Every structure is written in structure tokens, then in C-alpha cells.
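> structure for this input, please:
(chains A and B)
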Protein chains: 2
Amino acid sequence: MPYSDETASYKFNHTMLRIKDPKISIPFYTEVIGMDLIEKLDFNTFTLYFLAFDRSGGKATKEEKTADRLNREGILELTHNHGTEHDKEVSYHSGNSEPRGFGHIAITVANVEEACARFERLNVPFKKRLTDGQMRNIAFILDPDGYWIELLQDTTATK
Amino acid sequence: MPYSDETASYKFNHTMLRIKDPKISIPFYTEVIGMDLIEKLDFNTFTLYFLAFDRSGGKATKEEKTADRLNREGILELTHNHGTEHDKEVSYHSGNSEPRGFGHIAITVANVEEACARFERLNVPFKKRLTDGQMRNIAFILDPDGYWIELLQDTTATK
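Purely as a prediction, here's the structure:
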């Protein structure tokens, strides 16, 4: 498509997934996956958590990261409907069994073998290890709700 | 979370959605949404389409955009399982009725009223217009498979 002024400002800002329990999912996405919680918005019946990878090499302040929320790509929005964490009837659907739709989110890393070894060490469940199946360059881990997270190597990374 | 060397290279590279018919979805995401098709990978039984917004102000070549595929955020991967476009039994699930999970992808724009007027002009179906409901600063349109696309204004945009 020819470059168009009409859509020149558009950015693929975020992807939204529902989560059952933020006390499990937020530590997973921050401490295990390595994203920053850049904003938390509380409403009457639900709370939104916005997470993103740091792009500043650790230099940006929390305020700068929050200010950047609408002006960047690669944000993950997690929606917590209050009470689901105590409701045995609630579990979310990964999209990878019927009815299918959404498939996964994907994280590129400088070294996929090191990343997988780290996730093994942190006891993260795998859907597909690098050694499973025919595609030996990608792996899938599972987040606390069972959503699939693909891991693949950024072959252009210098680090 | 303190900045960690272990996850410093990680990027939220892409989100994957299944599509029924690329002859409908690819023109939608390129001509209507304004993304570039930066790579197409054909396999025996499926094809992957990778789309992303231009970040170069129209300066990058197709080759440069393709080379950047693993080294950036904000990519949309659309998976076409061959034959679904002719199979009346196949329709994909948006994640917003039971069983719920995935919610939406979101696009930030410099001017959300102009963007909505443009999508109206292009006959894109709306799930929620700016004037519907209580949140008057966001809208939702529907992609050809019924996935929700949120539109919200980048209040920091200069344009």
C-alpha cells in the first residue's frame, strides 16, 4: 500500500487479554516475562493493567513510561473483572481449541535457548519446547490463564 | 521490577489471529487499517501474513520492513488455514462471548474523531461508536472475522 497521510499516525498500541487473578498474572508478566507495569486503571467492577517492555535500557522513569502509554506499540493490556479470582466457574479460553480465534502473543529474544533455559529454571509450563515437533527454532510457554506465548529469536539482535 | 539484563532483549513482537479469508482480511488490514504486509510465509497447509504500521514516514523499502520483522514490536500475524475460505462450517471466535479470553487489539490515532469518520466512510462495521455508552473517547470497529479493534486517541501525538 502506498504510504498514506490518513493513517500515518496509526500505531498498533496494545492487545487485551482477560485474566482471572492479577495476584498471579502481574508477578508473572513483570518478574518472569520482564515487562514493566506502566499503568493500572481502576473502575467499579474491573481493573486494567498495562504492561510493556522497557525500551530505554533502564533509563526511563515510571512517569516517563506511563506518559508513553498511548504513543508506542507493544503494550499488553490485562483486564481483571473483580471477583473472578474467587469464582471456581471462571476460566479463560486460550483460543486454541474450539471455538478457535486468537492464537498467541509472541516475544522475540536475543537468544532463544537461553530464554527457554531461564523459563525452565523458573518452572514456567511449556506448550512446546524447542525440541518438540518440527519447528526447532520456536517454543511456546503458557501464561497463568493458559494463553500461549511464543518465543522466537531475533536473528538481527546484536546482544 | 528492577531493570534486568536477563530480559533486556525481550520485545513484544506480535499477536496472532486466525483469519478465514485472506482475500478479504489482507485488503482490510492494508487499505482500510493502513498496515504494510511486511512478510508472507507459505507452508503446506497454512499461510502466515505479517503486518505492521510503517515507522519510517514512508521512507523504508519493503526489504527493510521485512528485515525488521523480528526486531520490532507492534506486528500482527494473521494465520490462514488453507480452505477455510470455502468452508461454511468455519468461523472464528472473537473471544468476547463465552468462552471468553482474548478481548481486542487496539490502534492509537492522532485524531480519533477523524479516524472514526474515515472508517464510517469506508463502511467498516462498528461495535461501539464514540457516542455509544459511557466511554466517549474510545470506539470499536470489527474486522472481517469479527475481531474487535479498539480506536483511541494518542493524546501525546503532535499531529
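
> and the lowest-mean-pLDDT helix or strand in chain A, what other elements does it pack with?
Comparing every helix and strand of chain A by mean pLDDT, DSSP states H and E singles out helix A:62-67 as the least confident one, with a mean of 94. With contacts defined as 3 or more C-beta pairs under 8 Å, 6 or more residues apart in numbering or on different chains; DSSP states H and E, helix A:62-67 has these neighbours: strand A:36-42. C-beta here means a position set from N, CA and C on the backbone, and glycine is covered the same way.

> close to chain B, is the strand it packs on?
Yes. In this structure, strand A:36-42 sits against chain B according to C-beta under 8 Å from any C-beta of the partner chain; the contacting residues are A:Asp36, A:Leu37.

> quick one on the thing from earlier: output the least confident helix or strand of chain A as CSV, nothing but the C-alphas.
These are the backbone C-alpha positions of helix A:62-67, laid out as CSV (Å, rounded to 0.1, in the frame of the first residue of the first chain):
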residue,chain,number,x,y,z
LYS,A,62,8.0,5.2,35.9
GLU,A,63,6.3,8.5,35.0
GLU,A,64,8.0,8.6,31.6
LYS,A,65,6.9,5.0,30.9
THR,A,66,3.3,5.8,31.9
ALA,A,67,3.3,9.0,29.8
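
> what's the mean pLDDT across the helix or strand following it?
Proceeding N to C from helix A:62-67, the next assigned helix or strand is strand A:75-81, under DSSP states H and E. Model confidence over strand A:75-81, given as mean pLDDT, is 98.

> over to stretch A:139-153?
The predicted confidence, averaged over stretch A:139-153, sits at 98.

> quick revisit: which parts of the least confident helix or strand of chain A are buried?
Within helix A:62-67, the residues that count as buried by 16 or more other C-beta atoms under 10 Å in any protein chain shown are A:Lys65.

> distance from that helix to the middle of the chain?
Chain-centre distance of helix A:62-67: 19 Å, with C-alpha atoms, centre = their mean, to the nearest Å.

> how about the contacts made by the residue nearest to A:Phe12 when sequence neighbours are not counted?
Beyond its immediate neighbours in the sequence, the residue positioned closest to A:Phe12 (C-beta to C-beta, 6 or more residues apart in numbering or on different chains) is B:Gly74, lying 4.0 Å away. Contacts for B:Gly74 were tallied using C-beta atoms under 8 Å, 6 or more residues apart in numbering or on different chains; they are A:Lys11, A:Phe12, A:Asn13, A:Glu73, A:Gly74, B:Ala52, B:Phe53.

> list of residues touching the least confident helix or strand of chain A?
Outside helix A:62-67, the residues within contact range by C-beta under 8 Å, 6+ apart are A:Asp36, A:Ile38, A:Glu39, A:Ala52, A:Asp54, A:Ser56, B:Thr156.

> picking that back up, now the buried members of the contacts of B:Gly74.
When the contacts of B:Gly74 are checked against 16+ other C-beta under 10 Å, the ones flagged as buried are A:Lys11, A:Phe12, A:Asn13, A:Glu73, A:Gly74, B:Ala52, B:Phe53.

> now do the strands in chain A.
With DSSP state E applied, chain A shows strands at A:11-19, A:36-42, A:46-52, A:75-81, A:102-109, A:126-128, A:138-142, A:148-153, listed in chain order.

> closest one to A:Val90 among those?
Nearest to A:Val90, of all the strands of chain A, is strand A:75-81, at 8.1 Å by C-beta to C-beta.

> ok, so of the contacts of B:Gly74, who is nearest B:Leu122?
The shortest gap between B:Leu122 and any of these belongs to B:Phe53, at 17.2 Å (C-beta to C-beta).

> care to break chain A down by domain?
Chain A is divided into the following domains under automatic domain parsing: A:13-92, A:100-159.

> need those in CSV (columns: distance to B:Pro27).
Compiled in CSV, those are given as follows (distance: least, C-beta to C-beta, whole Å):
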stretch, distance to B:Pro27
domain A:13-92, 22
domain A:100-159, 20
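
> what's the closest of those domains to B:Ala139?
The closest approach between B:Ala139 and any of these, judged by C-beta to C-beta, belongs to domain A:13-92 at 13.7 Å.
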